[in-house]
Each structure stands twice: as structure tokens, then as C-alpha cells.
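Peer 1: Kindly return the folded structure for what I paste below:
(one chain, ligands or ions: 1)
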Amino acid sequence: MKIELAIIGGTGFYHPEIIENTKELLINTPYGDTRLLAGTYKEASVAFLSRHGEKHGVPPHRINYRANISALKDLGVKRVLATTAVGSLKKNLSPGTLVITDQFIDFTKGRDGTFYEGNSSGGVVHTDFTEPYCPQLRKNLIKAISARGIDFANTGTYLCTEGPRYETPAEIKAFALWGADVVGMTGIPEATLAREAGLCYANLSLVTNYAAGISPHALTHREVVEMMQKKINLLREIILEVLVALPKDRECNCWNKEDYTLGQ
Ligand code: HPA
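Peer 2: Numbers count the residues shown, from 1 in each chain. As a prediction, the model looks like this:
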């Protein structure tokens with residue numbers, strides 16, 4: 001089976017629903033096993049992977065990011081659109097707003113964040129991240145969301161924390177000074193591994209709450225899930241519509257490793 005398009009669903013996005021003929025696949029990778037769904041949407045084959053598992057049983061720091069990206073690569077996937085729930089550091093990015101992130105800051109601590117572990121495994125590779133997310137996928141997301149007349153942000157810096165706790169107000173103030181717009185717990189190393197694997201990858205964030213210290217109340221997982229529930233059908237539609245309408249040719253450098261790798 002060869003599938004070129006994939007969705008990684010974050011918090012609140014556990015099932016693709018509008019994908020048809022779905023069947024569950026268990027993919028064995030050198031990093032562990034990954035379960036995902038394969039199906040069709042408007043005649044295109046699409047894979048769907050729920051990052052936290054179907055019942056939100058896997059916390060952000062325990063997600064096997066390497067197995068997930070490796071499994072997609074094995075299926076033949078070339079393009080991935082991912083969703084993330086985020087807290088907002090900016091008053092003008094209110095809950096319910098969609099953000100097509102264009103930069104990230106990695107504040108994770110103990111994650112397996114590379115496929116290149118030295119001589120016995122892939123050699124030494126330093127990957128370029130000047131343009132962290134696939135420009136072609138971002139362009140098409142912007143086009144599809146603009147066409148719907150929805151209020152959204154076409155850029156944004158995503159800061160990824162280790163989690164699973166939420167941040168302190170002092171951390172949020174510091175992150176805002178660094179230039180972060182939104183904060184989440186799962187975008188990295190997913191995006192970096194995807195680039196190492198030569199996959200086009202873009203992230204569509206949904207602001208589910210104002211971040212700690214900006215929000216007038218203590219944060220709860222419930223408010224995050226409730227906002228996701230309000231917007232989940234919209235997210236599904238946008239992501240699938242964009243994936244299946246993409247031109248066949250990749251017009252980016254996400255897969256062009258020769259430009260930025262060493263030691264191969
Ligand atoms: N912080 C970190 N992760 C999140 C948040 C937040 O405020 N909201 C949703 N995911």
C-alpha cells in the first residue's frame with residue numbers, strides 16, 4: 001500500500017470521520033509500533049494518525065514521535081498536515097482563532113528528537129530550519145482558509161514546551177519576550193523529524209485558551225477540549241480539502257536533503 005498524504009490529529013482530533021473505507025494499520029518501525037488509519041477522501045488515499053491515541057491516553061512527552069514519522073515514511077507519505085491545540089500569548093489571537101505557524105521555538109527537554117544518532121545510525125546531520133514548515137503546504141492552507149472568510153493568522157511562532165503541565169505566568173512572559181505567539185506541547189520534534197525524513201509538513205494551530213497569566217482563570221484541559229469540539233468539523237474539512245487539492249509536484253526544498261546535510 002502506498003499513501004502520499006497524511007493527517008496527524010492533535011488534542012480533540014481523534015478520528016477523521018469524513019475519510020471513507022478506513023482500515024486500521026499497525027506499522028512496525030525500528031523505533032516502535034504505530035497504529036493509524038488508512039482510507040480515502042475524494043478518491044485520494046489518506047492516512048490518519050491520532051497523536052495522543054484514540055482516547056487521549058498518550059501524554060505529550062511520551063508520544064513516540066520517531067515511530068510516528070517513520071511509520072508515515074514507510075507508507076510512502078510525502079505530505080503531512082498536523083493540528084495542534086495551543087494557548088495564546090497575544091490578546092489579538094483570541095480562543096477560536098486558527099494560526100498557520102511559520103516559525104517555532106523548541107523548549108522541549110527530554111525527547112528523542114532526531115533520526116541521526118551518529119556513526120551507527122545515520123551519521124551526523126545538521127538540518128536547515130530557516131523555513132521550518134513547508135511553504136507550499138502553508139500557502140495552500142492560507143488560500144483555503146482565506147476562501148472561507150474566516151478570521152485567522154497566516155503566520156505565528158509556536159513555542160513547544162515539554163509539558164505535561166501548563167506554564168507559569170513567568171514562563172509565558174519570558175516566551176512572549178522571545179517572540180512566541182502561541183504555546184503547545186506536541187509540535188516538536190514532530191516537525192523536525194518530518195523534515196529529517198524529507199516529508200513536507202505544516203501545522204495548523206487552534207487557539208483553545210489564553211496562556212497562563214493572560215487567561216483570567218486557571219487553565220483546564222476541559223476548556224481546551226471544548227474549544228476543539230467546537231471547531232473540529234471545520235479543521236477536518238480544511239485539512240482534507242487542502243491535502244487532496246495540492247498540485248502533484250512538490251515545489252519546495254523539504255525533501256531536498258543534499259542541500260543541508262553533512263556526513264552522508
Ligand atoms: N499551554 C500549553 N499547551 C497548550 C495550551 C497552553 O496554554 N493550550 C493548549 N495546549
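Peer 1: quick one: what helix or strand has the closest residue to residue 135 other than its chain neighbours in it?
Peer 2: Spatial nearest neighbour of residue 135, excluding adjacent residues (C-beta to C-beta, 6 or more residues apart in numbering): residue 252 at 5.4 Å. (C-beta placed from N, C-alpha, C; glycine too.) Using DSSP states H and E, residue 252 maps to neither a helix nor a strand.
Peer 1: hang on, residue 38 packs against residue 1?
Peer 2: Yes - using C-beta atoms under 8 Å, residue 38 makes contact with residue 1 at a distance of 6.7 Å.
Peer 1: thinking again about what came up before, kindly state the pLDDT recorded for the residue nearest to residue 135?
Peer 2: Per-residue pLDDT puts residue 252 at 94.
Peer 1: repeat for residue 13
Peer 2: Looking at residue 13, its pLDDT stands at 89.
Peer 1: what about it, distance to the ligand?
Peer 2: The gap separating residue 13 from the ligand is 13 Å, by C-beta to the nearest ligand atom, to the nearest Å.
Peer 1: got the contact list for the closest residue to that residue other than its chain neighbours?
Peer 2: Excluding its sequence neighbours, the residue lying closest to residue 13 (C-beta to C-beta, 6+ apart) is residue 83, at 5.2 Å. If a contact means C-beta atoms under 8 Å, 6 or more residues apart in numbering, then residue 83 has 7-10, 13, 203-206, 235, 239 as its contacts.
Peer 1: still on that earlier bit, settle this for me: the residue nearest to residue 135 is touching residue 134, isn't it.
Peer 2: Yes - between residue 252 and residue 134 there is a contact under C-beta under 8 Å: 5.3 Å.
Peer 1: Overlap of the contact sets of the two?
Peer 2: Joint contacts of residue 252 and residue 134 (C-beta under 8 Å, 6+ apart) are residue 200.
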